[in-house]
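J.: can you look at this prediction? I've put the sequence above it.
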Amino acid sequence: MKFSDFYSGKVILVTGGAGSIGSHLVKDLLQINPASVRIFDNNETGLFDLEQNLKSEKIRLLVGDVRDKERLIVAMEDVDYVFHAAALKHVPLCEFNPYDAVKTNIIGTQNVIEAAYIPDNDRGTLCVSSQMGCKMGCLFCMTGKQGFQANLTVNEILNQIRCLPEWHELTNIVFMGMGEPLDNIDNLMKSLEILTSDWGYARSPKRITVSTIGIIPTMKTFLENSHCHLAVSLHSPFNEERKKLMPVENVYPINEIVQLLKNYDWTGQRRLSFEYIMFKGLNDSLTHARALLKLLNGLNCRLNLICFHAIPGSTLEPSTNETIHSFKDFLNSKNLLTTIRASRGEDIFAACGLLSTKELIQQKNIGNSIGD
């Protein structure tokens, strides 16, 4: 796909378009045959001069200030992409990465997207979301308790990356935020294509991991059309027990998921891992460890043990550090590569939808205060 294909025939909004950077940007955009270019600026004289200079029937002038939210919403109606000229240094448009322009998401007070940046020495990992809320209803996840609100668009997924001040320092991206990525398969795949293609951000797929609870049909789509890593949420090797933790087990049993994964080659650089949150007295016994060995036998994979982040209103408790380490040591002694994932984010209430839930509660409290 050519770079220009993204913008040809599209409606594009340029804010700050009357300035020197904006005017150069508009000229470049007109060369790739957009449907129209809307120029939004509070400099009426500059807008008029630009129109006279370019003399293009595709230009639409809109007078307004970007700080005027209502006016900006009107300007963005039916827009496909937005370029914020003030945030860009001028380079030839052919050197831009697709989706440097992202449609601004003006989120209502009831919608919150959670992304978490995790710096660690020479690594910088961003945990991004694929949905607002989630349909899956996992017992241990706060996002599911929010209910499902919407699939994130490609723009909204990528904007989590581009709006991060440290985005140039990112070494890894993990789709482990709000929502089930494979339940938003079309936008996930488009996002991965842009992130990994030479004409996009040219990131290595070996630095991107997609997590899933195991939706088999879309997991096949992912496996056959992407080279990114896969992480499967497991949490129990026993069917009935997993049903209580994860309702998806009623539709896509873990045995069928594992059987499907055995049909793919995991001996190269692509990595398969299983996520296993450890719950005190529930899934942390030696019986569970032995069942995991049987279930994953024959798969070239890694098992990540995760300490549970307690969520409000749940009776689930985290296993002790001693239990987690003993569990790990036993599995490693049986040649199942097992690691303990360092626990991050609990100190700022940022795990499994906790951060966004906290924000929603604050917004609700503020709304109630205003109503009073």
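T.: Great, that's in hand. Numbers count the residues shown, from 1 in each chain.

J.: and the strands in the stretch 1-150 of the chain?
T.: 11-15, 36-41, 59-63, 81-84, 116-120, 123-127, 131-133, 148-151 (DSSP state E, counting those that start in this stretch).

J.: mean pLDDT lowest for which of those strands?
T.: Looking at the strands of the stretch 1-150 of the chain, the lowest mean pLDDT belongs to strand 81-84 (a mean of 69).

J.: what's that one packed up against?
T.: Judged by 3 or more CB pairs under 8 Å, 6 or more residues apart in numbering; DSSP states H and E, the packing partners of strand 81-84 are strand 11-15. C-beta: built from backbone N, CA, C; applies to glycine.

J.: check the offset of the strand it packs on from the chain's centre.
T.: Counting by CA atoms, centre = their mean, to the nearest Å, strand 11-15 is centred 25 Å from the centre of its parent chain.

J.: same question for stretch 169-183.
T.: With CA atoms, centre = their mean, you get 4 Å for stretch 169-183.

J.: for it, buried residues please.
T.: 170, 172-183 (16 or more other CB atoms under 10 Å).

J.: quick revisit: make a markdown table from the strands of the stretch 1-150 of the chain and add distance to Leu286 and mean neighbour count to it.
T.: Shown next, in a markdown table, are those (distance: least, CB to CB, whole Å; neighbours: other CB atoms under 10 Å):
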| stretch | distance to Leu286 | mean neighbour count |
| --- | --- | --- |
| strand 11-15 | 60 | 24 |
| strand 36-41 | 64 | 24 |
| strand 59-63 | 67 | 16 |
| strand 81-84 | 55 | 22 |
| strand 116-120 | 32 | 16 |
| strand 123-127 | 32 | 19 |
| strand 131-133 | 37 | 23 |
| strand 148-151 | 38 | 16 |
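
J.: need the ones you listed in a markdown table (columns: distance to Ala291).
T.: Below are the strands of the stretch 1-150 of the chain laid out as a markdown table (distance: least, CB to CB, whole Å):
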| stretch | distance to Ala291 |
| --- | --- |
| strand 11-15 | 55 |
| strand 36-41 | 59 |
| strand 59-63 | 62 |
| strand 81-84 | 50 |
| strand 116-120 | 31 |
| strand 123-127 | 29 |
| strand 131-133 | 31 |
| strand 148-151 | 32 |
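
J.: so which of those is nearest Leu47?
T.: strand 59-63 (4.8 Å; CB to CB).

J.: where does the closest residue to Met178 other than its chain neighbours land on pLDDT?
T.: Spatial nearest neighbour of Met178, chain neighbours left out: Ser129 (3.8 Å); criterion: CB to CB, 6 or more residues apart in numbering. If you check Ser129, the pLDDT there is 93.

J.: pull the contacting residues for Ser129.
T.: 113-115, 152, 157, 160, 177-179 (CB atoms under 8 Å, 6 or more residues apart in numbering).

J.: nearest to Cys301 among the strands of the stretch 1-150 of the chain would be which one?
T.: strand 123-127 (20.3 Å).

J.: packing partners of the closest one?
T.: strand 116-120, strand 172-175.
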